[in-house]
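Peer 1: Here's my sequence, what's the structure:
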Amino acid sequence: MQDPALNLRRAALPLHGAGDLAPLLDAIGEARYVMLGEASHGTHEFYTWRCALTKRLIQEKRCAFIAVEGDWPDCYRVNRYVKGYPDSGDSAEEVLHAFERWPTWMWANREIAELAEWLRRHNETLPEEERVGFYGLDVYSLWESMEAVVDYLEALDPQLARDAREAYKCFEPYGGNAHAYARATLMAPRSCEKEVVDVLRKLRARVAEYKDDGREAWYNAEQNALIARGAEEYYRAMVRGGPDSWNVRDRHMMETLERLMAHHGEQARAVIWEHNTHVGDARYTDMAQAGMFNLGQLVREDHPGPEQTFLLGFGTHRGTVMAGREWGAPMERMQVPPAREGSLEDLLHKVLDAPGEAGDETLPGALMLIFDNPRDAGLAGLDAVIDHRAIGVVYDPRAERWGNYVPTVVTRRYDAFIFTDASRALDALHFPPDVPEQPPETWPSGM
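Peer 2: Numbering: from 1, shown residues only. I've put the predicted structure just below:
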């Protein structure tokens, strides 16, 4: 029986630098939804490969905006900076330092700072209406979004600002703690759903007047009102348990993405950055059996075919990662042990060691696979369910023996995959700069 690693070795494309991404750009073609995953929220190589690909997508495919798994208010400040708006900050690092919601390192890092500076320089060459934006798709920013709505209304309609502030007082007993609000809704039927919906309705009723204040300013205010509504629903669903909160969140991200597409024009193209668990089609994982869907699945269903949607996954065999021991814990640079035997990452590690045929280029420490389904769906080792590592913002390396892996049919979940053998933690702005990076090769193998 043929070694699966040898079969995959023939299909693997070497990755040395941005120039090697050309076959991937060809495979993406004219797709309007280009979704770039990551196997963790804290790995340098995932960010830098996505940055390199994103720059080429903007330059060569004229993608109109980047949408990320981040809070709208924080990301909108980045959007203002990269578009060169007045009083938008003196540097990308200054703007990113203002990210305060845990986990700050996801976007407040030097990898994103470099992309933001590049994007600002790129936008300086474009007319204002063509400048490439940077937006957050997520739903967590309940209090920040309510504050943004009131701030917007203060200058335009003081009476409606007072009405909005009065409506949002419904949340005051919970002291800015969304989890406390959610728990309270379990104990009594009272919620603040009506209040957030009323503010959104009143805001939209005055759209003809408010749009004179600027297309982007109005859009930002309306989106924050939508987030207040979505976040209220999300936190109530979260405290009840089950798949509902996940589905509410990804449905919200889908609706926000579609609003952004409409905002940028009928033929707009987008680059979307999210975790593999949001990008990779959930129908080809065990998420489907749990009653969960995700953004990648929703986009594929609504915009089927490779000419519309392209999903790119990422993975690594070993290294370091930025994460926390529990929700809200201080960020740490953690060790990522060698991947579980028999997993996707273990198999691709063996691919890098597999001998090539005569004339084959030696594979570096990174490779790319492009799945031209149905032809490549028969790739031995990837045509059936295989464990695929997923590291979240909360991570415990000791759990590798029984957790952190998602059963996946790789060639169906993604359209392509980028693998880095040894990776390192990203360079977080809020992390002490004097902590040395330990080379992966020196770590004990028995972790």
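
Peer 1: From the chain's centroid, how far away is the strand ranked longest in the chain?
Peer 2: Using DSSP state E, we find that the single longest strand of the chain is strand 309-323. Centroid separation for strand 309-323 versus its chain: 12 Å, with C-alpha atoms, centre = their mean, to the nearest Å.

Peer 1: Check which helices and strands the helix or strand that comes right after it is in contact with.
Peer 2: Sequence order places strand 332-336 as the next helix or strand after strand 309-323, per DSSP states H and E. For strand 332-336, the elements it packs on are strand 309-323, judged by 3 or more C-beta pairs under 8 Å, 6 or more residues apart in numbering; DSSP states H and E. C-betas here are computed from N, CA, C, even on glycine.

Peer 1: Could you tell me which strands the strand it packs on is paired with, and in which direction each runs?
Peer 2: Partner strands and pairing direction for strand 309-323 (DSSP bridges) are strand 33-36 (parallel), strand 332-336 (antiparallel), strand 416-423 (parallel).

Peer 1: was I right about Met106 contacting Leu429?
Peer 2: No - using C-beta atoms under 8 Å, Met106 is not in contact with Leu429, being 11.1 Å away.

Peer 1: Which of those two has more residues huddled nearby?
Peer 2: Per other C-beta atoms under 10 Å, whichever of Met106 and Leu429 has more neighbours is Met106, with 26 against 20.

Peer 1: In contact with that one: list those residues for me.
Peer 2: Neighbour list for Met106: 41-42, 69-70, 393 [criterion: C-beta atoms under 8 Å, 6 or more residues apart in numbering].

Peer 1: rewinding a little: nearest to Val271, of the strands paired with strand 309-323?
Peer 2: strand 33-36 (5.2 Å; C-beta to C-beta).

Peer 1: so what's the residue nearest to Ala282 when sequence neighbours are not counted up against?
Peer 2: Using C-beta to C-beta, 6 or more residues apart in numbering and skipping residues adjacent in sequence, the residue nearest Ala282 is Asn294, 4.2 Å away. Neighbouring residues of Asn294 by C-beta under 8 Å, 6+ apart: 246, 250, 277-282, 287.

Peer 1: what sits up against stretch 79-91?
Peer 2: Defining contact as C-beta under 8 Å, 6+ apart, one finds that stretch 79-91 is touched by 77, 92, 95, 113, 116-117, 119-120, 123-124, 128, 131-135.

Peer 1: Farthest-apart pair in these, please.
Peer 2: Most distant of those, by C-beta to C-beta, are Ala113 and Glu128, 23.1 Å apart.

Peer 1: the more surrounded of those two?
Peer 2: Neighbours per residue (other C-beta under 10 Å) separate Ala113 from Glu128, with Ala113 holding more: 21 against 10.

Peer 1: With adjacent residues omitted, what lies nearest to that one?
Peer 2: The nearest residue in space to Ala113 (C-beta to C-beta, 6+ apart) is Ala92, at 4.3 Å.

Peer 1: Quick check: the gap between Glu274 and Gln59.
Peer 2: 22 Å (C-beta to C-beta, to the nearest Å).

Peer 1: of those two, who's got more company?
Peer 2: Glu274 (24 against 10).

Peer 1: And the closest residue in space to Tyr395 that isn't next to it in sequence, how close does it get to Arg249?
Peer 2: Of all residues not flanking Tyr395 in the chain, Ala323 sits nearest, at 3.8 Å (C-beta to C-beta, 6+ apart). Separation of Ala323 from Arg249 (C-beta to C-beta): 20 Å.

Peer 1: now Trp273: how far from Ile112?
Peer 2: 10 Å.

Peer 1: one step back: doesn't Ala399 make contact with the residue nearest to Tyr395?
Peer 2: No - contact criterion C-beta under 8 Å: Ala323 and Ala399 do not qualify, at 11.7 Å.

Peer 1: Please identify which of these two sits among more neighbours.
Peer 2: Ala323 (25 against 10).

Peer 1: So what pairs up with the more buried one in the strands?
Peer 2: Assigned bridge partners for Ala323, using DSSP bridges, are Glu332.

Peer 1: which ones are touching it?
Peer 2: 40-42, 103, 331-332, 334, 391-395.

Peer 1: give me that answer again for 6 Å
Peer 2: The neighbours of Ala323, taking C-beta atoms under 6 Å, 6 or more residues apart in numbering as the test, are 42, 334, 393, 395.

Peer 1: Out of those, grab the one that's most surrounded.
Peer 2: Gly42 (30 neighbours).

Peer 1: any idea how far Ser145 is from the residue most central in space within the chain?
Peer 2: Centroid-nearest residue in the chain, with C-alpha atoms, centre = their mean: Glu274, separated by 1.9 Å. For Glu274, the distance to Ser145 equals 20 Å [C-beta to C-beta].

Peer 1: could you pull out the helices for the stretch 201-350 of the chain?
Peer 2: 207-210, 215-240, 244-264, 276-279, 295-302, 344-353 (DSSP state H, counting those that start in this stretch).

Peer 1: what's the fourth one in contact with?
Peer 2: Helix 276-279 is contacted by residues 35, 37, 39, 294-296, 311, 313, 390 when judged by C-beta under 6 Å, 6+ apart.
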